[in-house]
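Chemist: pasting a predicted model and its sequence here:
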Amino acid sequence: MNTFSEGQYDAVVIGAGHAGCEAALALARTGQRTVMLTLNLDSIGFMPCNPSIGGTAKGHLVREIDALGGEMGLAADRTALQYRMLNEGKGAAVQSLRAQTDKNAYHREMKRVLEHTPNLRIVQGEAADILTENGHVTGVVTSYGGIFSCRAVVVATGVYLNARTITGEVIAEAGPNGFARATMLTECLLRMGYSVRRFKTGTPARLDGRTVDVSGLPVQPGEQVFPFSFLHDGVPPAEKQTPCYLTYTNEKTHRIILENLDRAPLYNGAISSTGPRYCPSIETKVVRFAEKERHQLFLEPEGADTTEVYVQGMSTSLPHDLQKEMYRTVKGLEHCEIVRYAYAIEYDCIDTLDVLPTLEFKKVKGLYTAGQINGTSGYEEAAAQGLIAGLNASLALRGEAPLVLGRDQAYIGVLIDDLVTKGTDEPYRMMTSRAEYRLTLRQDNADERLTPIGYACGLVSEERYQKFLNRHALREQAAAALEARADQKRADALVQRHGQPPLSAGVTYADLVRRGIPLAELCGEFGILEDVPADVKLSCETEIRYAGYLKRSRDEAARAKKMEQSPLPGDLDYARISGLRLEAREKLARIRPLNLGQAERISGVSPADIAVLMVYLSTKK
């Protein structure tokens, strides 16, 4: 194959999914001349599965991406059809924002932003090889022989590497939604020393909305909540948002599945790769939870300009004839017509134990990976990694220290630390339960935690930073206003309505919050904080109500931080440290933790092993 020069650039991003978009924007916005390679321009920012952004823990990630200067929250707000706050009946730590988005509009919006970003060139083409010299990236070669010379590469190939879709007995060598797959890069990754394995995911059918009867189904209306982006001031009124609908599988649905498991690829051996635990197919749910009489489904619009309806909760890889029969057993879908049949998809991904906390490959300088190639599942997890990989590539190119967010700083820090310290044997999904400091990592305070960091790294714009300073001042003013004294008679009447004993003289609004009176009720009763945004009020209320727990959490984080300040040499020979158990030696040598804190979190490394390391380091000092 003849080769030719496509030019000299600072960085190349391979892939234009949610990880690739954030990586390319992070690089270009921080002054790096960047190329983004994509198999198809029509797949930029594409949502091959659920047409939504956010959800449990994922909403936290989106707000953190936004706080750092990323794009996902902005694009989601501009294309949202409906907003809801999940877990609203629970504590603030686990409440998560979710938006039903317009799939095609989101793609167009992200493509528009990328096309108008200085320093960024978008090229349709397949990456065939990554060039290196003396252990450092030097360029990317396309399948047509074009060479993009560069000093950094971010691989964000999503589910496209050697992808194949499976539906019943039919197996197609294709990427999601019928897009072409990538076939040439896996061999390059293996040659460079990556460990490669196969994961699997899937998607439900899309129905013609004209053939769906929602008249007898429970409605899921939109809600008046705060937006994803801290740059936006609000969301459309609930009555102007697009509704979704709730329905269920039943005994007939389950019988069709159970009687045809011999034709189900997940059970007849056609699929052997590892699928997502927390987003199983309907076949898996029916078999695994045989005692359940029904499973919940959501009917969600794919967009404002299409009749397509997404059936959340009914992912499948059954043959087309069984899909049609199965979907029509569900209430509201009795006469449905399928416009896109469901399928499973298998793809190549890497073992993230080969990757540093910066998302740089341990064996090649300047080579980063982000998104589903790292074994994660979900748009939000991918975008978060893309932003960090792109930003760290930019920081390295500028000769500055990398950004590694701690588990006490961000859900993004938890996500990446889990990947590079523990690894994952199945598609990884972010959950609030994974974050030990989740009470301090709330979605309402993501800007307080991360915007100054993004600003210091050069990704947060002056406009965004000024808005952050204004919000910070407003938060401080609101907190001070809540320490003012409330009218005693009205306060007494309020607590009596809540069945509580009388108050002592000089009670403040904050005292009433500590008594369990909702801040929203106080605002209505006393006419306070009228111009304060909802997420700022939530932040103030949480800081007051959970002050003791927050202090304990911050104290625990400070103690853990001390372990992070004890670095471990990169060339340390763990096999020669007496007292370490064999398993600990093997795990430490494989992962090469940067410090004692990371070593402590490795599965198979015990507190006794950490004590041995501490003694060893002290003797070396």
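Modeler: Arrived safely, thanks for sending.
Chemist: from now on I want contacts and neighbour counts done on CA atoms only, so please keep to that.
Modeler: Will do.
Chemist: quick one: pLDDT of K621?
Modeler: We have a pLDDT of 68 for K621.
Chemist: how far away is L450 from R98?
Modeler: Distance from L450 to R98, counting by CA to CA, to the nearest Å: 21 Å.
Chemist: between those two, tell me which one has more neighbours.
Modeler: Neighbour count, other CA atoms under 10 Å: between L450 and R98, R98 has more, with 26 against 22.
Chemist: helix, strand, or coil at that one?
Modeler: Put simply, R98 is strand when judged by DSSP: H, G, I helix; E, B strand; the rest coil.
Chemist: what about the helices in the stretch 501-621 of the chain?
Modeler: Taking DSSP state H, counting those that start in this stretch to define them, one finds helices in the stretch 501-621 of the chain at 509-514, 519-526, 534-545, 547-564, 582-591, 596-600, 607-620.
Chemist: which strands and helices sit next to the last one?
Modeler: The one in question is helix 607-620. helix 596-600 (3 or more CA pairs under 8 Å, 6 or more residues apart in numbering; DSSP states H and E).
Chemist: can you list contacts of the helix it packs on?
Modeler: Helix 596-600 is contacted by residues 421, 560-568, 588, 593, 605-607, 610, 613-614 when judged by CA atoms under 8 Å, 6 or more residues apart in numbering.
Chemist: if we can go back for a sec, ok, which of the helices of the stretch 501-621 of the chain comes nearest V137?
Modeler: Closest to V137 of the helices of the stretch 501-621 of the chain, according to CA to CA: helix 582-591, at 22.0 Å.
Chemist: how far does that closest one sit from its chain's centre?
Modeler: The chain centre lies 29 Å from the centre of helix 582-591; the measure is CA atoms, centre = their mean, to the nearest Å.
Chemist: and the lowest-mean-pLDDT helix or strand in the chain, which residues are buried?
Modeler: The helix or strand of the chain with the poorest confidence is helix 488-497; it has a mean of 87 (mean pLDDT, DSSP states H and E). Of the residues in helix 488-497, 491-492, 494-495 count as buried by neighbour count, 16 or more other CA atoms under 10 Å.
Chemist: what is the burial count for A608?
Modeler: 12.
Chemist: quick check, pLDDT for it.
Modeler: Listed pLDDT for A608 reads 92.
Chemist: now the helices of the stretch 501-621 of the chain in a markdown table, with distance to I256?
Modeler: Converted to a markdown table, the helices of the stretch 501-621 of the chain look like this (distance: least, CA to CA, whole Å):
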| stretch | distance to I256 |
| --- | --- |
| helix 509-514 | 53 |
| helix 519-526 | 49 |
| helix 534-545 | 46 |
| helix 547-564 | 50 |
| helix 582-591 | 46 |
| helix 596-600 | 48 |
| helix 607-620 | 51 |
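Chemist: figure out which of those is closest to R151.
Modeler: Of all these, it is helix 582-591 that lies closest to R151, at 25.2 Å by CA to CA.
Chemist: average model confidence for that closest one?
Modeler: Helix 582-591 carries an average pLDDT of 92.
Chemist: may I see the buried residues of it?
Modeler: Neighbour counts over helix 582-591 (16+ other CA under 10 Å) mark 584-589, 591 as buried.
Chemist: list the buried residues for stretch 216-232?
Modeler: For stretch 216-232, by 16+ other CA under 10 Å, it's 220-231.
Chemist: tell me the one of those residues nearest H472?
Modeler: F230 (11.5 Å).
Chemist: where does pLDDT dip in the protein?
Modeler: Residue ranges of the chain with pLDDT under 70: 621.
Chemist: just checking, Y411 touches A435?
Modeler: Yes. Counting by CA atoms under 8 Å, Y411 does reach A435; the two are 6.8 Å apart.
Chemist: so which of the two has more stuff around it?
Modeler: Set side by side, Y411 and A435 show more neighbours around Y411, with 32 against 20, by other CA under 10 Å.
Chemist: tell me the secondary structure at the residue lying closest to that one once chain neighbours are set aside.
Modeler: Using CA to CA, 6 or more residues apart in numbering and skipping residues adjacent in sequence, the residue nearest Y411 is L61, 6.2 Å away. The three-state assignment at L61 reads helix, by three-state DSSP.
Chemist: report the contact partners of L61.
Modeler: 54, 380-381, 384, 411-412.
Chemist: can you tell me which of the residues you listed lies closest to S195?
Modeler: E381 (20.8 Å).
Chemist: does that closest one belong to a helix or a strand, and which?
Modeler: Following DSSP states H and E, one finds E381 within helix 379-397.
Chemist: and the contacts of the next helix-or-strand element following that helix?
Modeler: Downstream of helix 379-397, the first helix or strand assigned by DSSP H and E is helix 411-417. The contact list for helix 411-417 (CA under 8 Å, 6+ apart) reads 57, 60-61, 64, 357, 359, 381, 384-385, 404-408, 430, 434-435, 441.
Chemist: equivalent analysis for stretch 264-274, please.
Modeler: With contacts defined as CA under 8 Å, 6+ apart, stretch 264-274 is touched by 166-169, 198-200, 261-262, 283, 317-319, 346, 425-427.
Chemist: list the buried residues of it.
Modeler: Within stretch 264-274, the residues scored as buried using 16+ other CA under 10 Å are 264-266, 270-271, 273.
Chemist: can you get me the start-to-end distance on that stretch?
Modeler: Stretch 264-274 has an end-to-end distance of 15 Å (CA to CA).
Chemist: for it, the distance to its chain's centre please.
Modeler: How far stretch 264-274 lies from its chain's middle: 27 Å, per CA atoms, centre = their mean.
Chemist: same question for stretch 454-465.
Modeler: 21 Å.
Chemist: do stretch 432-451 as well
Modeler: Counting by CA atoms, centre = their mean, stretch 432-451 is centred 14 Å from the centre of its parent chain.
Chemist: what sits up against it?
Modeler: Defining contact as CA under 8 Å, 6+ apart, one finds that stretch 432-451 is touched by 56-57, 59-60, 63-64, 67-69, 92-96, 230, 407-411, 414, 460, 465, 468, 472, 535-536, 538-539, 550, 553-554, 557.
Chemist: separation between the residue nearest to Y9 when sequence neighbours are not counted and Y509?
Modeler: Nearest residue to Y9, sequence neighbours excluded (CA to CA, 6+ apart): C150, at 4.9 Å. From C150 across to Y509, the span is 58 Å (CA to CA).
Chemist: and V140, by the same measure?
Modeler: For V140, the distance to Y509 (CA to CA) stands at 61 Å.
Chemist: so which elements touch the helix or strand harbouring V35?
Modeler: Per DSSP H and E, V35 falls inside strand 34-38. Applying 3+ CA pairs under 8 Å, 6+ apart, we find strand 34-38 packed against strand 11-14, helix 18-29, strand 120-124.
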